[in-house]
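> Predicted coordinates and the sequence they were generated for:
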Amino acid sequence: MDLARYASERVTTEVVKAGPIRTTIVDVIEKTYKGKNNGPDEVKPAIVIADGRCVPMGPEILKTLIEAFQSSESDDWKGKSVEIYFDPTIKFGGKKVGGVRVRPLEKGTPLTADSIPF
């Protein structure tokens, strides 16, 4: 098994291209990310998942989870099950490049051994 994909502190596009991750939100934090193209650093909200990695949240992910969890209070999200997946329709600079998305799992959707990345 190639463990290099687990070395990042962030869930990357390359990781979810290999398959979705079903996991639990353990925390929601503000995290500083390096700015793009030598721009200023950005502070973004990020979910922390069970294995300790983070998923930065842009407006689309935020809207999806606020609506699904019926709360904009991050403390209410702890313990919720989500699926992190690759969405090939995400555009950057007008081109489809794909990216990371997060969706809630329905209540009662069990996390299986196959869905846990360790």
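Yep, it's here.
> what packs against the strand or helix carrying residue 82?
For residue 82, the host element (DSSP states H and E) is strand 81-87. Other helices and strands packing on strand 81-87, by 3 or more CB pairs under 8 Å, 6 or more residues apart in numbering; DSSP states H and E, are helix 13-17, strand 21-33, strand 42-49, strand 99-104. In short, each C-beta sits where N, CA and C put it, glycine included.
> among these, which is nearest residue 78?
Nearest to residue 78 among the helices and strands packed on strand 81-87 is strand 21-33; the distance by CB to CB comes to 5.9 Å.
> And the contacts of the closest one?
11, 15, 41-51, 54, 56, 74-75, 77-85, 105, 109, 111-112, 115-117 (CB atoms under 8 Å, 6 or more residues apart in numbering).
> can I have that strand written out in PDB, keeping just the CAs?
What follows is strand 21-33, C-alpha atoms only, in PDB (Å, rounded to 0.1, in the frame of the first residue of the first chain):
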ATOM      1  CA  ILE A  21     -13.500   9.000   1.700                       C
ATOM      2  CA  ARG A  22     -16.400   8.300   4.200                       C
ATOM      3  CA  THR A  23     -15.500   9.800   7.600                       C
ATOM      4  CA  THR A  24     -16.600  11.800  10.600                       C
ATOM      5  CA  ILE A  25     -16.100  15.500  11.300                       C
ATOM      6  CA  VAL A  26     -14.200  15.800  14.500                       C
ATOM      7  CA  ASP A  27     -13.600  19.500  14.500                       C
ATOM      8  CA  VAL A  28     -14.000  22.700  12.500                       C
ATOM      9  CA  ILE A  29     -11.100  25.100  12.600                       C
ATOM     10  CA  GLU A  30      -9.800  28.200  10.900                       C
ATOM     11  CA  LYS A  31      -6.600  27.400   9.000                       C
ATOM     12  CA  THR A  32      -4.200  29.500   7.100                       C
ATOM     13  CA  TYR A  33      -3.300  28.400   3.600                       C
END
